Structure formats: structure tokens, C-alpha cells
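1. generate a structure from the sequence data that follows.
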Amino acid sequence: MTYADHFTIRSMGELMDLIEEMGFVPFFQNEVEGFSLEEHIAPERWYGGDESFWDAWEWKGPVIRQMKCAYGKFLRNKAMYVSSEWFPDFANYRRNGYDFDARYEDGLALFSDKELYELLDADAPVLSKTLKRAGHYGKNGRKGFDGGITRLQRQCYVVISDFRYASDQQGNRYGWGIAEYSTPEKFWGKTFTDQVYRRTPEESCEKLLRQFRKILPDASEAQLGKMIR
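-> Model prediction:
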């Protein structure tokens, strides 16, 4: 199966099968036609017209937990699922072979991103609101949290490891899920660290391009390059 095929996702199980088969599943529509959950999910599962019926959003946390897949703003600042099989090569290429400390030492990362990364890494997994509070981010505090956490996800140093919900005194869940952040090193442990730098970034790039050519047969080489960068 490819993204050029006509198919419809109607359940969380079908979404997990898609992530496993394709390796990369963007949440929202993007510049490559058909390359998103939004374009393939059954309309009633995307938004059923009731605040309690947002299946695609509700599935995020359970899918991450059950599959141990990566989720984050990996695709041009938009969210995407990446399977555990493909994330090490994806991270290796996006990181250009650098761990975060080496990236910063070579002048390739902002000091503000270093502070945010170290704060997150020290307490991972950590909820976004807890991280903001610990780093004194907010309306009357430091700026730049959203930009920093997005850069760290795009560079594959940070993933969303779950979504947590607030509960009232009766234990009823309410509101939107709150993102929980972690590093890939802490989310997968040795499974990730043993694989992420086993190839050169160039070798990982070629492997990624082969997979993207397979799942996106109608996309141009320029579009494929944008997908993995």
C-alpha cells in the first residue's frame, strides 16, 4: 500500500497498522497530496460534531503508549507519527550525527535551546505546563518556549511521549490533552541509543529516501527532500 491508494482509517487499530506499514504518518494535510491522516480518516472519526467525539485526537496518547512510536512536530512544524523502526535513522539524519551537547559545542544550537533541553532532560518525561513553570516561561516570564520546543522536536532531540488530561473531583476527564515531553534516549533507552548513530547521516538519508519514494510514488524528488529535512 502507498499513500496514493484510496483507503480509509476508521479505528485506532487501523491507524497503528498504518504507522507500522508506512513508517511516517503526518497528522495534518501538507504539500504532498494524500500524505496525512487527515486526508484518509473517516470524517466521523476526525470530527463528529460533538466535543466528546474527536477520535483522531483522543487516539494520540494510546497510540504512542501502545506502539512506542515517536510523535511530534517533525514535518515542517506540523505533527507526525514515526514508527520506532524508522525513528533512529530519521533522528540521525535530522541531528546530522550530533548528540545535543556536541551540536551546542559546535555553535549549532541556541543557548536558550540548550537551557530548555537540559531542563527537560533532567526531569523527563515531563508535562509541558510543568516544564514551563520550572523554566519560568509564560506571560510574565521568559519568552520563546514554543519556538524552542518546536526546534528540539524538529531536530529529533525531543518527542511527545504521551498526552495527559486534567480530571475534576469526581475523576471525570476534561479539556484537551496536555503534551508530555521526553528525549528519545529516555523514551526508548538502549533500543534507541544503540541504533541512532550506527550509520552515517548520509546513509540514513538514502535509506529514508528509499522509503519515502516507496510510500509516496507520485511525489517529486524536491518534495521528498523537504519531507525528510
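2. show me what the worst-scoring helix or strand of the chain on mean pLDDT is in contact with.
-> Of all the helices and strands that make up the chain, strand 173-182 has the lowest average by mean pLDDT, DSSP states H and E, namely a mean of 84. Strand 173-182 is contacted from outside by 57, 60-61, 120, 124-129, 131, 149, 158-168, using CB atoms under 8 Å, 6 or more residues apart in numbering. All C-beta atoms are positioned from the backbone trio N, CA, C, and that covers glycine.
3. helices or strands up against the helix ranked longest in the chain?
-> Taking DSSP state H as the criterion, the chain has its longest helix at helix 201-215. In terms of contacts (3 or more CB pairs under 8 Å, 6 or more residues apart in numbering; DSSP states H and E), helix 201-215 is packed against strand 24-26, helix 87-95, helix 221-228.
4. keeping just the C-alphas, turn it into PDB.
-> Provided in PDB are the C-alpha atoms of helix 201-215 (Å, rounded to 0.1, in the frame of the first residue of the first chain):
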ATOM      1  CA  PRO A 201      23.800  10.700   8.300                       C
ATOM      2  CA  GLU A 202      24.200  10.300   4.500                       C
ATOM      3  CA  GLU A 203      23.400   6.600   4.700                       C
ATOM      4  CA  SER A 204      20.400   7.300   6.800                       C
ATOM      5  CA  CYS A 205      19.300   9.900   4.300                       C
ATOM      6  CA  GLU A 206      19.400   7.400   1.400                       C
ATOM      7  CA  LYS A 207      17.500   4.800   3.500                       C
ATOM      8  CA  LEU A 208      14.800   7.400   4.300                       C
ATOM      9  CA  LEU A 209      14.500   8.500   0.700                       C
ATOM     10  CA  ARG A 210      14.000   4.900  -0.500                       C
ATOM     11  CA  GLN A 211      11.200   4.500   2.000                       C
ATOM     12  CA  PHE A 212       9.600   7.900   1.000                       C
ATOM     13  CA  ARG A 213       9.800   7.000  -2.700                       C
ATOM     14  CA  LYS A 214       8.000   3.800  -1.900                       C
ATOM     15  CA  ILE A 215       5.100   5.300   0.100                       C
END
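5. pull the distance from it to the chain's centre.
-> Taking CA atoms, centre = their mean, to the nearest Å, one finds helix 201-215 lying 18 Å from the centre of the chain it belongs to.
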